[in-house]
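A.B. asks: below is the sequence, then the predicted model.
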Amino acid sequence: MPSFYVSEPDGEPDATGGVTPHPVDLTGGAETTYRRVQDGGTDLREATRRLETHYRGRRFESEPTDAPFEYSYVLAGDDRLVLQTSSFSAPMRGEIPFPGQYIVAWNRSGRTTLHQRGHTFTSDGATPFLMPAEEAFSFESTPRKNSMVQLGTAFLEQTAAERHGGPSQRIVFDYAVTPRPEVVSAWRATVASSAAAVVAEQASPIMRLDAQLALARALLDLFPWHAVDVPVGLRTQEAARVRHAVEYIHAHAAEPLTPADIAAASGMHTRTLQTSMKEHLGTSPAAYLRQVRLDRARDELLAAAPADTRVSDVARRWGFGNFGRFAGAYAERFDEYPRDTLAR
């Protein structure tokens, strides 16, 4: 088999492997900057290096084939949302250390395989699929033509808040789900009707924003998702494992959990998890789990009918067997007793 061409980073590599960390943009400011990037060529080595730069990746490698090589890349949009199309007529693999955007992709030809935290996903024809957000992953692709919609973190999370009714929070998608045919059709129709306003530099700001909102809402219809209250300080490459632990706690708070379960799910030893959570959050895994369960109990009490609900039943459902200690912890966290919440 021919050897892979390996990209050569510019200058001296830093501690992240040649990639400067790019923290997610959570500002959500109204000011946006239109940009258009167009690239292409027939030099495989140079194209590999350029794509690594475009994707803020590392260790990109490409494999020569017997056919003439061609490469193209076009991106257009602004800080809220961009559309990208590319083609690369050779196999490629590489790593993305910290994608600070939400990205949905689909292949017009070829196939993409993603590897992330022990899970593997392979694209299915032209069906849309998600790139992990704020999660390091590696990929392999056959020669392919593909398209992507890249959504700014703040923009998608603020749009999602229209639906979940809470503050803007990190969105966790179910990456394992294959979208239903009817929502895929709706997604494609939205892309077709919105693309011109997104990519045209002369499009009016109102038209561009309307098109971007349509795409963001269509993405929220495309895959199951939930919002997670992740502290901003954990939304960095360096704190990724602690964030994994926090997200695991939120997803499994209704189940029996031990600190060892949480540590195993986030790829750490129990002691390391305890130390890391203390450093980043000032609390222990068990205490954080108790806070989340108190929050869930409060949500249930707020939604319940007082005549049909007993506070003790809600407490037991969320793992609080001692009602007195539950009421005291609840009052300390929310400045009111659970019976007062139920009576609202």
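C.D. replies: Arrived safely. Worth saying up front: this structure is predicted, and the values here are computed from it rather than measured.
A.B. asks: only C-alpha atoms from now on, for both contacts and neighbour counts.
C.D. replies: OK.
A.B. asks: my guess is Thr120 meets Met131, correct?
C.D. replies: No. Thr120 sits out of contact with Met131 when judged by CA atoms under 8 Å, with a separation of 11.8 Å.
A.B. asks: these two: which is more packed in?
C.D. replies: More crowded of Thr120 and Met131, by other CA atoms under 10 Å: Met131, with 21 against 13.
A.B. asks: okay, now the unreliable bits of this structure?
C.D. replies: For the chain, the stretches flagged by pLDDT under 70 are 1-31.
A.B. asks: circling back to that earlier point, could you name every residue contacting both of Thr120 and Met131?
C.D. replies: Leu114 (CA atoms under 8 Å, 6 or more residues apart in numbering).
A.B. asks: chain center to the helix or strand where Arg45 lies: distance?
C.D. replies: Using DSSP states H and E, the element containing Arg45 is helix 44-54. Centroid displacement of helix 44-54 relative to its chain, using CA atoms, centre = their mean, to the nearest Å, is 24 Å.
A.B. asks: repeat that for stretch 84-101.
C.D. replies: 16 Å.
A.B. asks: and it, how far apart are its ends?
C.D. replies: When the termini of stretch 84-101 are compared using CA to CA, to the nearest Å, they are 13 Å apart.
A.B. asks: numbering from 59 from now on, please.
C.D. replies: Sounds good: first residue 59 from here, last item stretch 142-159.
A.B. asks: buried set for it?
C.D. replies: Across stretch 142-159, burial judged by 16 or more other CA atoms under 10 Å covers 142-159.
A.B. asks: same deal with stretch 364-373?
C.D. replies: 369-370, 372-373.
A.B. asks: wasn't Gln142 part of a helix?
C.D. replies: No. Assignment of Gln142 by DSSP: H, G, I helix; E, B strand; the rest coil gives strand, placing it outside any helix.
A.B. asks: what's the spacing between Lys203 and Asp287?
C.D. replies: Lys203 is 36 Å from Asp287, by CA to CA.
A.B. asks: show me which of the two is the more surrounded one.
C.D. replies: Lys203 (19 against 15).
A.B. asks: point me to the helix or strand that includes the more buried one.
C.D. replies: Using DSSP H and E, Lys203 falls in strand 202-210.
A.B. asks: parallel or antiparallel, which strands does that strand pair with?
C.D. replies: strand 139-146 (antiparallel), strand 159-167 (antiparallel) (DSSP bridges).
A.B. asks: okay if I get those as CSV plus distance to Glu215?
C.D. replies: Formatted as CSV, the strands paired with strand 202-210 follow (distance: least, CA to CA, whole Å):
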stretch, distance to Glu215
strand 139-146, 12
strand 159-167, 10
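A.B. asks: narrow the buried residues of stretch 364-373 to those in helices?
C.D. replies: 369-370, 372-373 (DSSP state H).
A.B. asks: which single one of these is nearest to Ser342?
C.D. replies: Taking CA to CA as the measure, Ser342 sits nearest to Ala373 out of those, at 21.2 Å.
A.B. asks: circling back: ok, so of the ones in helices among the buried residues of stretch 364-373, who is nearest Gly183?
C.D. replies: Nearest to Gly183 among these, with distances taken as CA to CA, is Val372, at 46.3 Å.
A.B. asks: tally of neighbours for the residue nearest to the closest one when sequence neighbours are not counted?
C.D. replies: Distance criterion CA to CA, 6 or more residues apart in numbering; nearest residue to Val372, sequence neighbours excluded, is Ala355 at 6.3 Å. Residues near Ala355, counting by other CA under 10 Å, number 22.
A.B. asks: I'd assumed Arg374 was in contact with Ala355.
C.D. replies: No. Counting by CA under 8 Å, Ala355 does not reach Arg374; the two are 9.5 Å apart.
A.B. asks: check which helix or strand Leu172 maps to.
C.D. replies: Going by DSSP H and E, Leu172 is part of strand 170-174.
A.B. asks: give me the contact list for that strand.
C.D. replies: Strand 170-174 is contacted from outside by 178-181, 189-190, 193-200, using CA under 8 Å, 6+ apart.
A.B. asks: can you get me the start-to-end distance on stretch 105-118?
C.D. replies: 10 Å.
A.B. asks: return the set of buried residues in it.
C.D. replies: Buried-residue list, stretch 105-118, by 16+ other CA under 10 Å: 105-111, 114-118.
A.B. asks: from the middle of its chain, how far away would it be?
C.D. replies: 20 Å.
A.B. asks: that older thread, may I ask which two of the contacts of strand 170-174 are separated the most?
C.D. replies: Glu193 and Thr200 (22.4 Å).
A.B. asks: tell me which of the buried residues of stretch 364-373 is nearest to Met335?
C.D. replies: Nearest member of those to Met335, counting by CA to CA, is Ala373, at 25.5 Å.
A.B. asks: so what's the most centrally placed residue in the chain up against?
C.D. replies: When CA atoms, centre = their mean is applied to the chain, the residue found nearest the centroid is Ala191 (2.7 Å). Contacts for Ala191 were tallied using CA under 8 Å, 6+ apart; they are 156-161.
A.B. asks: so it, which state does it fall into?
C.D. replies: Ala191 - assigned by three-state DSSP - is coil.
A.B. asks: next one: it from Gln295, what distance?
C.D. replies: Taking CA to CA, one finds Ala191 at 11 Å from Gln295.
A.B. asks: can you pull out the strands in the stretch 109-258 of the chain?
C.D. replies: 116-120, 129-135, 139-146, 150-154, 159-167, 170-174, 177-180, 187-189, 195-199, 202-210, 228-231 (DSSP state E, counting those that start in this stretch).
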